[in-house]
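Enquirer: sequence first, then the predicted structure, then my questions.
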Amino acid sequence: MAGEPGSARNDDLRLAESLRAGDVIALTEVYDAYAPFLYDYCHGLLRDRVEAAGALRNCVIAAREHVGRLGEPDRLRGWLYAIARKECMRRRDSPNRHIGQEAPEAEDDLSAEQLARREERRLLAHSALAALSGRQREAIDLSVRHELDEVDLSGVFGMPLEETLELVERSRTGLEAAIRAALIAQNHWKDCPSVSALTESWPLAPQTAASLVRHVASCPVCAELDTPPLPADRLLSVLPIAAIPADLRLDVLTAATAEDRAGNRRAIAAWTEPFDEYGWPLPYEPTPARAKDRGTGGRRRGPIIGAAAAAVAAVVVLAGAMTAFGGESEPDAAGSPSSSASGPGGESGDPSVPTEPMPTDPSPTVSSTSPSPSKSPSDSPSPSKSPSKSPTTRPPSQPATQAPPPPRAGHLAVSGCNMHLDDSCTVTVRAVGGPVDWRVTGTSGALSAHGSGHLAAGQSAGVTVSRTNGLCWGSKSGSVSFAPGGSASVGYC
């Protein structure tokens, strides 16, 4: 995705030196070369195009202000990702962050048949990635789609190189197992009753995907099933890419160079501090006190030559083997909670740690036709409140009162539909016996559907179901699954 590493290193060195010299033209080159990829990465972390645009703008500004700190100018690109990630984590921690406006997908000139094949591969990719932990998914995304090496990842995550190498190896191994399990679920679900029971909805939810990987690893029937090799780069190449706004270039370059915005640039640059001894920004901390206490002692990436040699010797590059960036209890492909080694200052490799929350989707942009089974990027554990003391006796003038019971929850009733010769039809959902919070959890067959909402008792809503294949003959059927329960049959073709 990011181009040839060799030529990129030369460009990094030239652009970093030009930026240090104050060359404004070099700033435009940096934007043109790296902004589309950085925006896609920021959007994956923030899930909002407004926040992603702001993060990219601040990243470019901070890079220009701090480029003199970078001790290895030929690693400018990885350093930009580290700045972008810290800015995104800062924004995720803000109670005033903008939410709910995801960027459109970068368009491809594909035929209807090619789009259908891509959508099928996307569902497979989401199901495989769902089995990994949040930190593993982000490591895979940065390694495969953005082509950062282990030394760059060490700087981006703020982890020692040894721990980064272990993370990448675990991610690669876990993805290989998850891809095989997802292929079995897609192509051989009829051959194993357990697989059929686990994969009633598609794409797979994180818990289901992890359970499937554990099953496949121990099932003698699944061990005999033949699955074609599917390299990670091929699998992830079909994931959506967030389209960078066309007018963002002028806004960013103006903010980074206008004389009347110098004060604003200094403030933005301060948000990126502190840096380590190599000039890489330390990971975001919610409070300045914690960042100060943390210092730089916990992070040692080592000399660049030795680090690169260790990376080559210890890890195979992710060319032969890659959901959502999830929470602390989310299992990895081995079926156990993520156990990425802690970084400096107690930073956990797990994405739900409050000091540095992680993103929630395997791809920078969620396809509008495939429901996402992953957790929201803003999910984080909330601190438990300590119970307040209450008086042992109640004054006579304040007799005890009993709160009214909460309304009884209802259940969801669903009605299927048939497209006949159309490209879509509407499934009806209805709350019976009480209010219901509902959502689409998946589809089977060549169908796509998404939606969620709240229904009062007796209230109904419609969910549009579309077919994802191009030309279609014969009579086929699929289904749309809902939570808190229910599945609607859909006929098409």
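Expert: It's in. Numbering: from 1, shown residues only.
Enquirer: what comes up buried for the lengthiest helix in the chain?
Expert: Longest helix in the chain, counting residues (DSSP state H): helix 161-187. By neighbour count on 16 or more other Cβ atoms under 10 Å, the buried set for helix 161-187 is 161-172, 174-186. Backbone N, C-alpha and C define where each C-beta goes, glycine included.
Enquirer: which strands or helices does the helix or strand that comes right after that helix pack on?
Expert: Remark: after helix 161-187, the chain's next helix or strand is helix 193-198, criterion DSSP states H and E. Helices and strands touching helix 193-198, by 3 or more Cβ pairs under 8 Å, 6 or more residues apart in numbering; DSSP states H and E, are helix 161-187, helix 206-218.
Enquirer: could you dump the ones you listed into TSV with distance to residue 451 added?
Expert: Below are these laid out as TSV (distance: least, Cβ to Cβ, whole Å):
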stretch	distance to residue 451
helix 161-187	24
helix 206-218	20
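Enquirer: and those helices as TSV, adding distance to residue 51 and mean pLDDT?
Expert: Below are these laid out as TSV (distance: least, Cβ to Cβ, whole Å; pLDDT from 0 to 100):
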stretch	distance to residue 51	mean pLDDT
helix 161-187	26	94
helix 206-218	24	93
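Enquirer: out of these, nearest to residue 39?
Expert: Across the helices and strands packed on helix 193-198, the minimum distance to residue 39, taken as Cβ to Cβ, is reached by helix 161-187, at 23.6 Å.
Enquirer: please tell me how far residue 414 sits from residue 490.
Expert: Plainly put, residue 414 is 11 Å away from residue 490 if you go by Cβ to Cβ, to the nearest Å.
Enquirer: with neighbour numbers in mind, choose between these two.
Expert: residue 490 (26 against 19; other Cβ atoms under 10 Å).
Enquirer: give me the contacts around whichever strand or helix holds the more buried one.
Expert: Using DSSP H and E, residue 490 sits in strand 487-492. Surrounding strand 487-492, the residues in contact under the criterion Cβ atoms under 8 Å, 6 or more residues apart in numbering are 200, 414-420, 425, 427, 429, 445-447, 465, 467, 472, 475-482.
Enquirer: residue 274: how many residues sit nearby?
Expert: Using other Cβ under 10 Å, the number of residues around residue 274 comes to 13.
Enquirer: is it true that it touches residue 282?
Expert: Yes: counting by Cβ atoms under 8 Å, residue 274 sits close enough to residue 282 to count as a contact (5.4 Å).
Enquirer: quick revisit: can you dump the C-alpha atoms of the strand holding residue 490 in CSV for me?
Expert: This file holds the C-alpha atoms of strand 487-492, laid out as CSV (Å, rounded to 0.1, in the frame of the first residue of the first chain):
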residue,chain,number,x,y,z
SER,A,487,-33.7,-14.7,12.0
ALA,A,488,-35.7,-13.6,9.0
SER,A,489,-35.7,-15.7,5.8
VAL,A,490,-35.1,-13.8,2.6
GLY,A,491,-35.7,-15.1,-0.9
TYR,A,492,-33.9,-13.6,-3.9
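Enquirer: and the strand or helix carrying residue 124, what's its mean pLDDT?
Expert: For residue 124, the element it lies in under DSSP H and E is helix 112-129. Averaged over helix 112-129, pLDDT sits at 90.
Enquirer: could you check the angle that helix makes with helix 206-218?
Expert: On the basis of axes from the mean of the first three to the mean of the last three Cα atoms, to 10 degrees, helix 112-129 is oriented at 80 degrees to helix 206-218.
Enquirer: now do helix 112-129 against helix 161-187, angle only.
Expert: Interaxial angle of helix 112-129 relative to helix 161-187 (the same axes, to 10 degrees): 120 degrees.
Enquirer: kindly export the helix or strand just after helix 112-129 (C-alpha atoms) in PDB.
Expert: Remark: after helix 112-129, the chain's next helix or strand is helix 134-140, criterion DSSP H and E. C-alpha atoms of helix 134-140 as PDB (Å, rounded to 0.1, in the frame of the first residue of the first chain):
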ATOM      1  CA  GLY A 134      -7.100  -5.200  19.300                       C
ATOM      2  CA  ARG A 135      -3.400  -4.700  19.500                       C
ATOM      3  CA  GLN A 136      -2.800  -7.600  17.100                       C
ATOM      4  CA  ARG A 137      -5.200  -6.200  14.500                       C
ATOM      5  CA  GLU A 138      -3.600  -2.800  14.600                       C
ATOM      6  CA  ALA A 139      -0.100  -4.400  14.300                       C
ATOM      7  CA  ILE A 140      -1.300  -6.400  11.300                       C
END
